[in-house]
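In: Starting from these lines, generate the structure:
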Amino acid sequence: MATLKEIRSRIKSVKSTRQITKAMEMVAAAKLRRAQQRVAEARPYADRMNDMLGSLAEGASGDITHPYFDNREVKKRTLVIVVSDRGLCGSFNARLLRAADDWLAQYSTSEVELVVVGKRALDYYKSRPYPIAASYIDWGGAMEYEKSKSLVSFLTKRFVDGETDLVNVIYASFVSTAKNIVTNEQYLPIDNPASAADTSVSSEKASESKTSRKEYIFEPSPEKIYASLLPSYALTKMLTALLDSFASEHSARMIAMNTATTAAGDMIDELTLNYNKARQGQITKELLEIVSGAEALNG
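Out: The predicted structure follows:
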């Protein structure tokens with residue numbers, strides 16, 4: 001059985017740990033509030049961008065062409081995996097890496113390449129056979145606009161140059177403080193809104209839909225408008241994924257630190273009970289020794 005000194009030392013150590021986890025929980029909660037606000041601000045903008053592209057496609061005459069719409073035969077795939085730089089966030093990173101492993105298992109190493117966002121993914125995949133085309137680390141759980149632009153520029157350039165034919169992004173989509181969903185989303189090529197609009201209309205109503213479309217006068221041409229909008233759309237799409245991931249990371253860390261703080265409190269209560277029992281046993285033993293000594297002197 002542990003001595004009183006050992007139990008006191010253990011209680012002091014656990015109390016120090018509880019202070020740290022409580023502080024980390026509060027920091028994560030503050031960062032989560034800011035991240036939630038940025039997610040709430042970004043999503044309407046992304047939705048409006050989608051609506052704008054769809055409206056332009058509806059009013060355009062003929063096919064709309066752009067390099068980002070190039071839906072070619074897939075020979076090379078790029079997977080962007082977005083995780084955190086730091087740990088202590090429960091199963092957040094493990095779930096994302098497991099989803100990435102499941103996706104990668106479908107292809108040989110010559111057919112895929114990785115772009116890792118977050119130090120945990122870099123540490124995990126640098127000792128594995130999959131080639132890492134680029135890494136973006138040291139985000140600190142916060143958005144860095146220039147680094148995001150560099151990531152988008154790297155991905156779009158590789159796609160346009162034909163170095164990759166398909167780009168997928170795996171990230172945690174933020175739903176609420178207690179819930180996030182591992183999402184595997186196609187990033188490039190972008191679905192052509194003109195084609196999507198045509199295929200969504202049934203063949204019986206196709207002619208009726210075409211006659212009911214509004215006529216737009218484009219200045220400049222639709223191709224030039226799309227050439228101007230699509231880089232912004234690609235950036236917005238990646239920013240939304242990153243913001244979702246950062247918010248999910250902070251919520252996961254806050255919950256993990258809250259659980260750790262609660263567990264530390266329970267451990268302190270248990271150790272305190274053990275300490276009181278050991279102290280009571282020691283006092284009882286000392287009293288018995290005194291009584292026994294007194295009886296021996298009297299006898």
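In: For stretch 34-51, buried residues please.
Out: 35, 36, 38, 39, 42, 46, 49 (16 or more other Cβ atoms under 10 Å). (Each C-beta comes from the backbone N, C-alpha and C, glycine too.)
In: wait, what's in contact with the residue nearest to the spatial centre of the chain?
Out: Relative to the mean C-alpha position of the chain, the nearest C-alpha, by Cα atoms, centre = their mean, is the one of residue 245, at 2.8 Å. By Cβ atoms under 8 Å, 6 or more residues apart in numbering, the contact list for residue 245 reads 82, 83, 117, 171, 172, 174.
In: The fourth one: what secondary structure?
Out: The reference is to residue 171. Following DSSP: H, G, I helix; E, B strand; the rest coil, we place residue 171 in the strand state.
In: how many neighbours does residue 26 have?
Out: 13 (other Cβ atoms under 10 Å).
In: can I assume it sits in a helix?
Out: Yes: under three-state DSSP, residue 26 sits within a helix.
In: how near is it to residue 183?
Out: 28 Å (Cβ to Cβ, to the nearest Å).
In: circling back: for the buried residues of stretch 34-51, give me CSV that also has distance to residue 122.
Out: Shown next, in CSV, are the buried residues of stretch 34-51 (distance: Cβ to Cβ, whole Å):
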residue, distance to residue 122
35, 22
36, 27
38, 24
39, 25
42, 25
46, 27
49, 31
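In: which one among those residues gets closest to residue 68?
Out: Ranked by distance to residue 68 (Cβ to Cβ), these are led by residue 49 at 13.4 Å.
In: On the three-state scheme, that closest one is what?
Out: Looking at residue 49 with three-state DSSP, the answer is helix.
In: any idea how far it lies from residue 274?
Out: 61 Å.
In: Not counting sequence-adjacent ones, nearest residue to residue 175?
Out: Leaving aside its chain neighbours, residue 175 sits nearest to residue 181 (6.0 Å; criterion: Cβ to Cβ, 6 or more residues apart in numbering).
In: Looks to me like that neighbour is in a helix.
Out: No: Residue 181 is assigned strand when assessed by three-state DSSP, not a helix.
In: Would you confirm that it contacts residue 172?
Out: Yes: judged on Cβ atoms under 8 Å, residue 181 makes contact with residue 172 at a distance of 7.0 Å.
In: neighbour count winner among the two?
Out: Under the criterion of other Cβ under 10 Å, the comparison of residue 181 against residue 172 puts residue 172 first, with 26 against 12.
In: residues contacting the more buried one?
Out: Counted by Cβ under 8 Å, 6+ apart, residue 172 has contacts 82, 92, 95-96, 180-183, 244-245, 248-249, 252.
In: Secondary structure element holding residue 237?
Out: helix 222-298 (DSSP states H and E).
In: pLDDT of that helix, averaged?
Out: The average pLDDT within helix 222-298 is 90.
In: rewinding a little: could I have the buried ones of the contacts of residue 245 as PyMOL selection syntax?
Out: Buried members of the contacts of residue 245, identified by 16+ other Cβ under 10 Å, are gathered into one PyMOL selection as follows:
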select buried, resi 82+83+117+171+172+174
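In: Just name the shakiest helix or strand of the chain by mean pLDDT.
Out: helix 206-212 (a mean of 45; mean pLDDT, DSSP states H and E).
In: For residue 114, which residues are in contact?
Out: If you count contacts by Cβ under 8 Å, 6+ apart, then residue 114 has 78, 79, 80, 81, 121, 125, 130, 131, 132, 133 around it.
In: Skip the chain neighbours and tell me the closest residue to it.
Out: That would be residue 132: by Cβ to Cβ, 6+ apart, it lies 4.9 Å from residue 114.
In: in this structure, what spans have low per-residue confidence?
Out: Scanning the chain for pLDDT under 70 picks out 1, 57-63, 193-218, 222, 299.
In: hang on, residue 114 in a helix?
Out: No: per three-state DSSP, residue 114 lies outside any helix segment and is strand.
In: residue contacts, the residue lying closest to residue 142 once chain neighbours are set aside?
Out: The spatial neighbour of residue 142 that comes closest, neighbours along the chain excluded (Cβ to Cβ, 6+ apart), is residue 246 at 6.6 Å. Going by Cβ under 8 Å, 6+ apart, residue 246 touches 35, 139, 141, 142, 143.
In: go on, residue 82?
Out: 96, 117, 118, 121, 169, 170, 171, 172, 241, 242, 245.
In: wait, doesn't the third one sit right on residue 140?
Out: Looking back up the chat, that one is residue 118. No: here residue 118 lies out of contact with residue 140, judged by Cβ under 8 Å, at a distance of 10.7 Å.
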